[in-house]
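> 3D, please:
(4 chains)
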4 protein chains.
Amino acid sequence: MPLSVAVAGASGYAGGELLRLLAGHPEFSIGTLTAHSNAGQSLVSVQPHLRSLAGHVLVPTDAHNLAGHDVVFLALPHGASAAIAAELDGDTLVIDCGADHRLESSADWAAFYSGDHAGTWAYGVPELPLAPGIDPLHLGATKQRERIVGTRRIAAPGCNASTVALSIAPGIAAGVIQPTDIVSVLAVGPSGAGRALKQNLLAGEILGSANPYGIGGVHRHIPEILQSLRWAGAVDPTISFTPVLVPMSRGILATSTAVLTPGVTAAEVRAAWELAYAGEPFVQLLPAGEFPRTADVLGANTALLGLAIDEAAGRVVVIAAVDNLAKGTAGAAIQSANIALGFEETLGLPLDGVAP
Amino acid sequence: MPLSVAVAGASGYAGGELLRLLAGHPEFSIGTLTAHSNAGQSLVSVQPHLRSLAGHVLVPTDAHNLAGHDVVFLALPHGASAAIAAELDGDTLVIDCGADHRLESSADWAAFYSGDHAGTWAYGVPELPLAPGIDPLHLGATKQRERIVGTRRIAAPGCNASTVALSIAPGIAAGVIQPTDIVSVLAVGPSGAGRALKQNLLAGEILGSANPYGIGGVHRHIPEILQSLRWAGAVDPTISFTPVLVPMSRGILATSTAVLTPGVTAAEVRAAWELAYAGEPFVQLLPAGEFPRTADVLGANTALLGLAIDEAAGRVVVIAAVDNLAKGTAGAAIQSANIALGFEETLGLPLDGVAP
Amino acid sequence: MPLSVAVAGASGYAGGELLRLLAGHPEFSIGTLTAHSNAGQSLVSVQPHLRSLAGHVLVPTDAHNLAGHDVVFLALPHGASAAIAAELDGDTLVIDCGADHRLESSADWAAFYSGDHAGTWAYGVPELPLAPGIDPLHLGATKQRERIVGTRRIAAPGCNASTVALSIAPGIAAGVIQPTDIVSVLAVGPSGAGRALKQNLLAGEILGSANPYGIGGVHRHIPEILQSLRWAGAVDPTISFTPVLVPMSRGILATSTAVLTPGVTAAEVRAAWELAYAGEPFVQLLPAGEFPRTADVLGANTALLGLAIDEAAGRVVVIAAVDNLAKGTAGAAIQSANIALGFEETLGLPLDGVAP
Amino acid sequence: MPLSVAVAGASGYAGGELLRLLAGHPEFSIGTLTAHSNAGQSLVSVQPHLRSLAGHVLVPTDAHNLAGHDVVFLALPHGASAAIAAELDGDTLVIDCGADHRLESSADWAAFYSGDHAGTWAYGVPELPLAPGIDPLHLGATKQRERIVGTRRIAAPGCNASTVALSIAPGIAAGVIQPTDIVSVLAVGPSGAGRALKQNLLAGEILGSANPYGIGGVHRHIPEILQSLRWAGAVDPTISFTPVLVPMSRGILATSTAVLTPGVTAAEVRAAWELAYAGEPFVQLLPAGEFPRTADVLGANTALLGLAIDEAAGRVVVIAAVDNLAKGTAGAAIQSANIALGFEETLGLPLDGVAP
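This is a model prediction of the structure:
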């Protein structure tokens, strides 16, 4: 019998993508869907692409409406998750797609966000390496997925952080690159910023233009990236991180570079990534000389990586393509749920992109 | 009396932009326009946006047709310029918009291009700093514009190289950043690749996607960037350079970072760029906290820069927005012509972008 | 045991979409994949979004390679299907995604295409109404789906023709609109024109622009539209049909208008469409006042319609949104296969779009 | 000595385009610039593409700030113009870029807008034909431009209305098409809807999608179109008018069709448009078989038309490409000012588009 699932924030972009994927998941049955200003409307009037969920109506976002489900996905604005989660039963699997519970360090939270730190939930980009001794609760764990097995409160990873950490962590874990002086520049689609009414997200501002934001070390995803890199074994990692909005609805194309460890061979470098993701269905390293495009992962729970070594620059260059709403958010959340609940990890998650 | 101007390669994107700008230039009169496969057609049948040039007809590209003009702009595929230029009168100002004559080093040419090196012509991004003693022919020169004054063979700078060198050179000239380990990632529109029929330039491949290319130190614009950085005073500069095609017709949004020299203050860093471009109409540093978008320079001969200091990463981050066809190619060529001919440097060159 | 399926033309956009959908179809097993210039390459090197089909290699397109399958999908250029189909076993279900076998009238073929008419195969947009007496082979049939039940040679409907016919036919079948003087204007994404190297399909030509083509009654899809309208009961239908390429990779947004029959009420008009598509999962009429967007059907086998009555103009306006590659081509072909083979018609076909 | 010009609403898209064009106009000197929520900021902080106007600061929009100029352009939300204009000196040329004063008929205003009708100002798309006897104040006038000569209160035409009326009026004036049952469908960029914060204008909603709006005879530009068609001689014209938002920042691609008058020849039809626009620099009919694209007029005050006759459908098809912000709004307003003030009509207005 399928588990009942509620989604809070079903009228937003992340909520819509959760529902698109949940509608095809064989072990979940979609229950209560909540929204804020759209409460009272039918789901399809707000998310007209979700034809298979035509009967559903949005109700107000509160713990009462969300209670009584096996799984609750929270796709809410920053700061709204903790209060609701506190009222939900401890046996309910609650997965927060927002940033509130991702960081272990309250100092990091204070430095990059405003307001009180809501606390730390289990967090894991399943495919990311864990360095030996990093996670005392899961002896022998070698991937972050171990961090969320059996848990009931999960902070789903952020799209930019997942993409960059997946690009860089294998080289750090293997010691073939330096953890300091990483540089990442991302071309990102505006859906990652949500459905909020902001002038910089108007089509007139985005069409035909490339618009940077969060420049100079102030972007909120930086501490989340560094946290994952530390878990992969990095000591005092540093990163220059710059996202650039480009005119595509979805997608992250991250170009990340790191300094090669002196003396390593090109084969050793490539082997670090190959080994890290061998057997991983959702994170794939392309053959040498091939690099991914965001269209190739549109709608998929897949991260594609391409790797080159620039000997003159002394750096490895890793290109990663991720759909910010799928593998970057909703797919990651469902993958986390699969892991936490003991389902097959790939259940209900598409591997193929929609291209062109 | 205006000077007569010919354009070879008038059917391409660079040729079209040259003509759009030349049509409004008060000192030039448009003469012969040549093309390859489109010879015999009217210009507006191939460049339907150039209504003011409705009477012009394309003739075949050869030295005979191009002879007898005061100025000849070559907007031809790589390798096609040298033979034609050799047949043109030495007093004719010839400006090559292609790469054939940009590099001083034949070894660089051999490493990044194929075929013989056609030789070196005068080259200059006018606003770029020249380190003392770099240019023996122009004692006291402090900007690259001095390199092209009075010359008759000019290699116009490439779009990516101009954009990155403008972003980085002031810091090198001032000693506030290190010349090694520069990292640049560019979001670029596909018009920079020309009007050639290649599958990766089809709309179906570009729309809705971000597509990297030339990854890992192999892009042909790298030696041109490093040449300008050396002229600004860099010793053994290195750069990791990655362009990403994004779905906008024009524009380059370059994110460039470099390691801060230990001990410099934020004010010293910003001052390096402010001084370098003080009084330059076409290269402007935005106030602290502001960063440019490519839409802001669409159609303009303007490069806009924004600068941030990331203390945690130990790097300066410079964002530059340039229209690859305007300031990146055709505007740069006309600005070069203005300089070479002793006209006011800004003549016929738009400062304002077309936005949104 | 699943049926074995071959796809000819697997390297194009239609072929890629067929494979994306076939990969998730529970009754089909993917066999031989053929291509022309890409033969010998792996499928994912050409279609990098199809990660689940990573092991497949493209072989040359010929009848020998395509033989021995239960189902063969042909996604080939115009004119290439007939010769290959002639060599395939008569029991093999062959579905042609091209136009070669769609038209009943050889005169129509001669007027709009070049070369010999390859002949007529079974054709049906499943949801379209059939007027009484139109189809003598299927007494009592009221939908086009009856035309393909049990057949082994099927001409899959074209994307523009399906979209326009679905928009208009119900009103004709019900007599609430006139069959003459229909006007349809379509905003279409360039993927519908395939992956061919044509200058008008370059990203530089499409980005930031709306480009009409096939204007003035010459577009090849016109006779196919009129054929369906005649089957719905139209006597001497006429249509002004204009497609406009717009900068989105996929999608058709058709605005179709027809003259209201004098005396009909608004309720009667709406009822015609409601009745025609009641119970149809893949063709849905939105509530009054709602109109579809192409993003709502991206990747889905769904056609969404919105309808308004313009009393001052004396016309009904029907807006239809269809994904040209999914419901417009590959989804239609698979839906046809489901019908021909007696499978559930919805098998393997997504109802929900990928938005935003 | 140049005339002083003020712009109210300088922070919006129309205001920005006015300033881009005014900055290059030889007879105007830019004075006061006003805004609402952005008052107090520098112009370039809000319109960063207007580098040549770097010194200007926005002040609040009120009659006091706008007083004392020779010319005032109003680029304000609907309903805001009348009160301000009433306080400006009668000798000041006031040009309203909004809809408030365009309609002669208060009944039309009441039917399509809300609130009181502000009254009627001089209105004219300069190139549109006037039927004999239509305009008693200007005996012998044959174009709408005569309506605004010497006036001091001008309602600048709307972008959609200009585009459609320019497409259709010549045929009506010449009697070669019928004034009833016109059908127009427009692909439009979202900048025409202004810089307002509305969910349907978010980039996430527009990118990759075609979105219709104002469907079924309710769009506010309909009475303005019909007013121009009546002035061209139409008796009881009717139009089905549907705009579709597509993912390009600017541009209108209007496909308009009308019923051919029985018995007219193709040559007579084409001649109607050729004659109407012979000698008009800003409205050009392309040769038979050529059709315009919006990129060809980006940033230009040019309307390009292409015409085809569909004999089977009994309709003429006219494709028109216009930049909604240039010829559609700001260019039209400046062209009106040139006419009203007795300047050369083309002064300061670009003919060439910015493409690709």
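> What count of nearby residues applies to A:P281?
A:P281: 15 surrounding residues under other Cβ atoms under 10 Å in any protein chain shown. Where C-beta positions appear, they are placed from N, C-alpha and C, glycine not excepted.
> do the same with A:L3
16.
> Tell me the confidence at it?
pLDDT for A:L3: 97.
> For it, which residues are in contact?
Shown in contact with A:L3 (Cβ atoms under 8 Å, 6 or more residues apart in numbering or on different chains): A:E27, A:F28, A:S29, A:H69, A:D70, A:V71, A:L341.
> I'd say A:V316 and A:T255 touch.
No: applying Cβ atoms under 8 Å as the test, A:V316 and A:T255 come out as separate, 11.3 Å apart.
> follow-up on the earlier one: mind checking which of the contacts of A:L3 land in strands?
A:F28, A:S29, A:V71 (DSSP state E).
> Out of those residues, flag the one nearest to C:K327.
Using Cβ to Cβ, A:F28 comes nearest to C:K327 of the ones in strands among the contacts of A:L3, at 26.4 Å.
> Spatially, what comes nearest to the closest one if we skip its sequence neighbours?
A:V5 (4.6 Å; Cβ to Cβ, 6 or more residues apart in numbering or on different chains).
> next one: A:R220
Here the residue nearest A:R220, using Cβ to Cβ, 6+ apart, is A:F112, at 4.7 Å.
> The residue lying closest to A:S336 once chain neighbours are set aside: neighbouring residues, count only.
Once flanking residues are discounted, A:S336 sits nearest to A:I154: 4.9 Å by Cβ to Cβ, 6+ apart. Neighbourhood size, A:I154 [other Cβ under 10 Å]: 25.
> Which strand residues bridge A:I154?
On the basis of DSSP bridges, A:I154 is bridged to A:I95, A:A122.
> Low-confidence regions, chain A specifically.
The model of chain A has pLDDT under 70 over residues A:134-141.
> quick one: is the longest helix along chain A near chain C?
Using DSSP state H, we find that the single longest helix of chain A is helix A:159-174. No: using Cβ under 8 Å from any Cβ of the partner chain, helix A:159-174 stays clear of chain C, coming no nearer than 14.2 Å.
> so does that helix get close to chain D?
No: shown here: helix A:159-174 not in contact with chain D (Cβ under 8 Å from any Cβ), separated by at least 14.1 Å.
> Around chain B, pick out the residues from the stretch 151-300 of chain A.
A:181, A:183, A:185, A:187, A:204-205, A:207-213, A:215-217, A:222, A:238-242, A:244, A:246-251, A:253, A:255, A:257, A:259, A:291, A:293-296, A:298.
> ok, which of those also contact chain C?
Checking these against chain C (Cβ under 8 Å from any Cβ), the matches are A:L207, A:G208, A:S249, A:R250, A:R293, A:A295, A:D296, A:L298.
> same for chain D: which of those residues are within range?
A:L207, A:G208, A:S249.
> residues contacting the first one?
The contact partners of A:L207, taken as Cβ under 8 Å, 6+ apart, are A:P247, B:M248, B:P356, C:G208, D:G189, D:P190, D:A203, D:I206, D:L207, D:P247, D:M248, D:S249.
> element containing A:V316, please.
Element membership of A:V316, judged by DSSP states H and E, is strand A:315-322.
> Could you tell me the angle between that strand and helix A:159-174?
140 degrees (axes from the mean of the first three to the mean of the last three Cα atoms, to 10 degrees).
> How far does stretch A:25-43 stretch from one end to the other?
Taking Cα to Cα, to the nearest Å, the first and last residues of stretch A:25-43 lie 18 Å apart.
> Tell me which residues are up against that stretch.
A:2-11, A:15, A:19, A:22-23, A:46, A:50, A:53-54, A:56-62, A:65-66, A:68-69, A:71, A:334, A:341, A:343, A:347-348.
> Would you show me how to pick out the buried ones of those in PyMOL?
Provided next is the PyMOL selection string for whichever of those are buried by 16 or more other Cβ atoms under 10 Å in any protein chain shown:
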select buried, chain A and resi 3+5+6+7+8+9+10+11+15+19+22+23+46+50+53+56+58+59+61+65+66+69+71+334+341+343+347+348
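> which ones among the contacts of stretch A:25-43 are found in helices?
Those of the contacts of stretch A:25-43 lying in helices (DSSP H): A:G15, A:L19, A:L22, A:V46, A:N65, A:L66, A:I334, A:L341.
> Roughly how far does the second one sit from A:R51?
Between A:L19 and A:R51 the distance is 11 Å, computed by Cβ to Cβ, to the nearest Å.
> Likewise for A:K198?
From A:K198 to A:R51 the distance is 29 Å (Cβ to Cβ).
> sorry, back to before: so which bits of the strand holding A:V316 are buried?
Result for strand A:315-322 [16+ other Cβ under 10 Å]: buried residues A:R315, A:V316, A:V317, A:V318, A:I319, A:A320, A:A321, A:V322.
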